[in-house]
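Undergrad: Just to be clear, the model below is a prediction. Sequence and coordinates:
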Amino acid sequence: MTKNLTVEEARRRMLAAATPGPPETTTLDHHATGRVLAEPIRAVRDQPPFDASAMDGWAIPLSDPGAAGSYRIVGESAAGRGFEAPVGSGEAVRIFTGAPVPAGCTVVIQEQAERRDDAVHIADPPSAIRTNVRPRGGDFRAGDALLEPGMRLDAWRLALAASAGRGQALVYPRPRIAILTTGEELVQPGSAEPTPTQIFESNTPALASLISSWGGTPIRLAPAKDDEAAIVASVCDLDVELIVTVGGASVGDYDLVKPALRRLGLTLAVESIALRPGKPTWFGGLSDGRRVLGLPGNPASGLVAAELFLRPLLNAWQGADAALKLEPARLAAPLPQTGPREHWMRAAREIDTQGQPIVTPYPDQDSSLVTVFARANALIRRPPGAGALAAGDLVETLRLGRL
């Protein structure tokens, strides 16, 4: 049985076909942003590697706190250039933020001290607690696992890897995803004037943007005409992990994608899904091992299906967590009972005055409306056969990656 599968069963079958490729080495700089680690990043030394001053001020011996007075200035400790000699009782070292704290010393901030020629006067007795010292290893210790395999690198994780001294790491390769749209009614934006019966093609730029943001490499193909030979010619020689087709996935006379790909050995694991919108979504493989995900041509249907299936596939190919991150929120408006298909509704999610998430479904959920998706920042999941809900009831939501 491959028709009208549940969303979970369809996703399970798709993910069974997605395994990461052999890891590759990349430099840990901005080029690594979005890559997924295939190895742990461990600290090779303590951070900070010495007791460091958290403030500009004066280093004085720990044996002296409790007695205010004047301290003879014997040197200076700056970042990258510490004071190596012992600091005796009654002596002080000028110290700056990030500089090594001399052995056996604490730090008095400069606002609590006054320099007088070759001495510094401390009016208030400093505490023996080293509140202005960042202890050696206070951030991490040598050998600590800082980043684990499966983590996606962003600016903060790159900073952590750099602070550990790593310049390279093993990451999973970016999956290559070809996007093929079909339909005589489609015109490329900015390239031609549509006839009264044509529309601008909007799925490809949207999907390419999503694939790139999810760590893949999108390959945009020229739209194929409603002709089996043209469809085969568009994809037969592509070196990709996945071919995403848009449109031509239903049962009309011009839905030719699956018949065309059967020439390349297409076998189906998913023929249709009990999903609203997105029932015609399908998935299979070609005889050469390449996978194919068929998305509906209606923009909302295609983009909902991309969130539910394409994104997990891309994560799985990169060794990342492929689970959907569902979060609870309270409804701001009532909802009627659902039908036999799982319904994913476009919605606006926000935080109310009590700091709690609330979500408002858009009243018009027509699958052709791009304006609604452009405003939405979340999807509401309604199970099949669910009863009506009142405002204030809890629902599961999936956040969309809006800037």
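TA: Everything's here; your move.
Undergrad: what sits against residue 36?
TA: 150-153, 171-172, 215, 318-320 (C-beta atoms under 8 Å, 6 or more residues apart in numbering). Just so you know, the C-beta spots here come from the backbone N, C-alpha and C atoms, and that holds for glycine as well.
Undergrad: Of these, just say which sits nearest to residue 139.
TA: residue 151 (17.8 Å; C-beta to C-beta).
Undergrad: where do the helices sit along the stretch 301-403 of the chain?
TA: 311-317, 370-375 (DSSP state H, counting those that start in this stretch).
Undergrad: Tell me which of these sits most buried.
TA: Among these, helix 311-317 has the highest mean neighbour count (mean count of other C-beta atoms under 10 Å), at a mean of 23.
Undergrad: so how far is residue 374 from residue 103?
TA: Distance, residue 103 to residue 374, using C-beta to C-beta, to the nearest Å: 61 Å.
Undergrad: In a markdown table: the helices of the stretch 301-403 of the chain, plus distance to residue 229 and mean pLDDT.
TA: As requested, the helices of the stretch 301-403 of the chain are exported to a markdown table (distance: least, C-beta to C-beta, whole Å; pLDDT from 0 to 100):
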| stretch | distance to residue 229 | mean pLDDT |
| --- | --- | --- |
| helix 311-317 | 28 | 98 |
| helix 370-375 | 31 | 91 |
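Undergrad: These: which one's closest to residue 325?
TA: Residue 325 lies closest, by C-beta to C-beta, to one member of the helices of the stretch 301-403 of the chain: helix 311-317, at 10.2 Å.
Undergrad: want to throw the helices of the stretch 301-403 of the chain into a markdown table with distance to residue 337?
TA: Formatted as a markdown table, the helices of the stretch 301-403 of the chain follow (distance: least, C-beta to C-beta, whole Å):
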| stretch | distance to residue 337 |
| --- | --- |
| helix 311-317 | 28 |
| helix 370-375 | 22 |
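Undergrad: between those, which gets nearest to residue 210?
TA: When the helices of the stretch 301-403 of the chain are compared for distance to residue 210 using C-beta to C-beta, the nearest one is helix 311-317, at 7.3 Å.
Undergrad: Report the distance from that closest one to the chain centre.
TA: Average the C-alpha atoms of helix 311-317, do the same for its chain, and the two points are 12 Å apart (C-alpha atoms, centre = their mean, to the nearest Å).
Undergrad: Repeat that for stretch 164-180.
TA: With C-alpha atoms, centre = their mean as the basis, stretch 164-180 stands 13 Å off its chain's centre.
Undergrad: Tell me which of the helices of the stretch 301-403 of the chain lies nearest to residue 114.
TA: Residue 114 lies closest to helix 311-317 among the helices of the stretch 301-403 of the chain, at 59.1 Å (C-beta to C-beta).
Undergrad: what about the strands in the stretch 301-403 of the chain?
TA: All strands of the stretch 301-403 of the chain, identified by DSSP state E, counting those that start in this stretch, fall at 326-331, 342-351, 357-361, 378-382, 394-399.
Undergrad: Just put those in CSV and tack on mean pLDDT.
TA: Shown next, in CSV, are the strands of the stretch 301-403 of the chain (pLDDT from 0 to 100):
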stretch, mean pLDDT
strand 326-331, 98
strand 342-351, 97
strand 357-361, 97
strand 378-382, 98
strand 394-399, 98
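Undergrad: Buried deepest among those, which one?
TA: With neighbours taken as mean count of other C-beta under 10 Å, the strands of the stretch 301-403 of the chain reach their highest mean count in strand 378-382, at a mean of 22.
Undergrad: got a list of contacts for that strand?
TA: 304, 307, 326, 329, 335, 338, 342-349, 359, 361, 395-400.
Undergrad: And stretch 155-174, by the same measure?
TA: Residues contacting stretch 155-174 (C-beta under 8 Å, 6+ apart): 20-30, 32-33, 35-39, 41-45, 47, 139-140, 146-147, 151, 153, 215-217, 317-319.
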